[in-house]
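Visitor: structure for the following, please:
(one chain, ligands or ions: 2)
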Amino acid sequence: MPELVFFSGTMDCGKSTLALQIAHNRSARGLQALIFTRDDRAGEGKLSSRLGLVTDAVEAVRGMDLYAYVVDRVSQGGRVDYLIVDEAQFLAPDQIDQLARVVDDLDLDVYAFGITTDFRTRLFPGSQRLIELADRIETLQVEAMCWCGARATHNARTVGGEMVVEGEQVVVGDVNRPAETEVGYEVLCRRHHRRRMTGASARAGVLSPDVLPVASA
Ligand SMILES: Nc1ncnc2c1ncn2[C@@H]1O[C@H](COP(=O)(O)OP(=O)(O)O)[C@@H](O)[C@H]1O
Ligand SMILES: Cc1cn([C@H]2C[C@H](O)[C@@H](COP(=O)(O)O)O2)c(=O)[nH]c1=O
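Guide: Numbering: from 1, shown residues only. Ligands and ions are numbered 1, 2, ... in the order given. Okay, the predicted model is just below:
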């Protein structure tokens, strides 16, 4: 049975790498992927991994009907054996419904890759819809790590090196950027996300008042 699978994890845990590996292994067996992405750091119409691999993809722009796109491609004689969708968190909920329809009505597997929650620990609308509709949710095997050594489960945003919890939900960016870079990201365990402690602030020994484990009178 074809499936809608959501491969999820934090930033920098190997999602795009896995997407490229799936495409590579299947193309070695003659299977043709239709690859969608949205707002990849490498630019429009690209699916890129931090390991240096990049491939062309169809930019799933706002308002694009993904089901209709696949039907058009096939009606024009294009070959589509399955779909890969990277940065799926950026898709609108109705585009996720269209992907489910691709699975159910066109009998194609759809492999979607994305982060579940934003820098405020809130679900992206696209990820929420994937959790609601996916046949399977797979957590990536390679764990990203918090600076403390625990498994990283949350994504933090920094502005000018300081962790922030307010702002636009979508700001394309990367981890391991110099502190002075305007917007950066860092993966943290929940404990340190709650305490607003990034690697830099931990190194500096900075504790904000709400970090203290005792409640004030
Ligand atoms: N120089 C490197 N050597 C080995 N592995 C690396 C290197 N740089 C990045 N990686 C691996 O690539 C992963 C990030 O892959 P990527 O597909 O870009 O992540 P995601 O799409 O989840 O953000 C890192 O977790 C790490 O395992
Ligand atoms: C947490 C968070 C992330 N983003 C952006 C930053 C990156 O461009 C992508 C995630 O890409 P990755 O391949 O998984 O590293 O999402 C955002 O816009 N808003 C956020 O809150």
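
Visitor: dihedrals phi and psi, the residue nearest to the spatial centre of the chain?
Guide: For the chain, Gly114 is the residue whose C-alpha lies nearest the centre (Cα atoms, centre = their mean; 2.5 Å). The phi and psi values for Gly114, taken as degrees, to the nearest 10, are phi -180, psi 170.

Visitor: give me every residue in the protein lying close to ligand 1.
Guide: Within the chain, the positions near ligand 1 by Cβ under 6 Å from any ligand atom are 9, 11-17, 49-51, 142, 144. Quick note: C-beta positions are derived from backbone N, CA and C, even for glycine.

Visitor: lowest-confidence entry in those residues?
Guide: The pLDDT minimum for the residues of the chain next to ligand 1 sits at Val142, where the score is 87.

Visitor: so who does that one touch?
Guide: Taking Cβ atoms under 8 Å, 6 or more residues apart in numbering as the criterion, Val142 is in contact with 13-14.

Visitor: sec struct for it, please.
Guide: What DSSP: H, G, I helix; E, B strand; the rest coil gives for Val142 is coil.

Visitor: quick one, helices of this protein?
Guide: For the chain, the helices defined by DSSP state H occupy 15-27, 66-75, 93-106, 125-133, 190-194, 199-203.

Visitor: just put those in a markdown table and tack on mean neighbour count and distance to Val170.
Guide: Converted to a markdown table, those look like this (neighbours: other Cβ atoms under 10 Å; distance: least, Cβ to Cβ, whole Å):
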| stretch | mean neighbour count | distance to Val170 |
| --- | --- | --- |
| helix 15-27 | 18 | 17 |
| helix 66-75 | 16 | 18 |
| helix 93-106 | 19 | 15 |
| helix 125-133 | 20 | 10 |
| helix 190-194 | 18 | 19 |
| helix 199-203 | 15 | 24 |
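
Visitor: among those helices, which is nearest Ala179?
Guide: helix 199-203 (6.0 Å; Cβ to Cβ).

Visitor: how far off centre is that closest one?
Guide: Chain-centre distance of helix 199-203: 25 Å, with Cα atoms, centre = their mean, to the nearest Å.

Visitor: export that helix as PDB, just CAs?
Guide: Coordinates of the C-alpha atoms in helix 199-203 are reproduced here as PDB (Å, rounded to 0.1, in the frame of the first residue of the first chain):
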ATOM      1  CA  GLY A 199      25.700  27.100  24.100                       C
ATOM      2  CA  ALA A 200      27.000  30.600  24.100                       C
ATOM      3  CA  SER A 201      25.000  31.800  27.100                       C
ATOM      4  CA  ALA A 202      26.000  28.600  29.000                       C
ATOM      5  CA  ARG A 203      29.600  29.300  28.200                       C
END
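
Visitor: what mean pLDDT does that helix get?
Guide: What helix 199-203 shows for mean pLDDT is 93.

Visitor: now do stretch 149-167
Guide: pLDDT averaged over stretch 149-167 gives 97.

Visitor: can you tell if it touches ligand 2?
Guide: Yes - Stretch 149-167 comes into contact with ligand 2 (Cβ under 6 Å from any ligand atom), by way of 155, 157.

Visitor: right, I'll leave it there.
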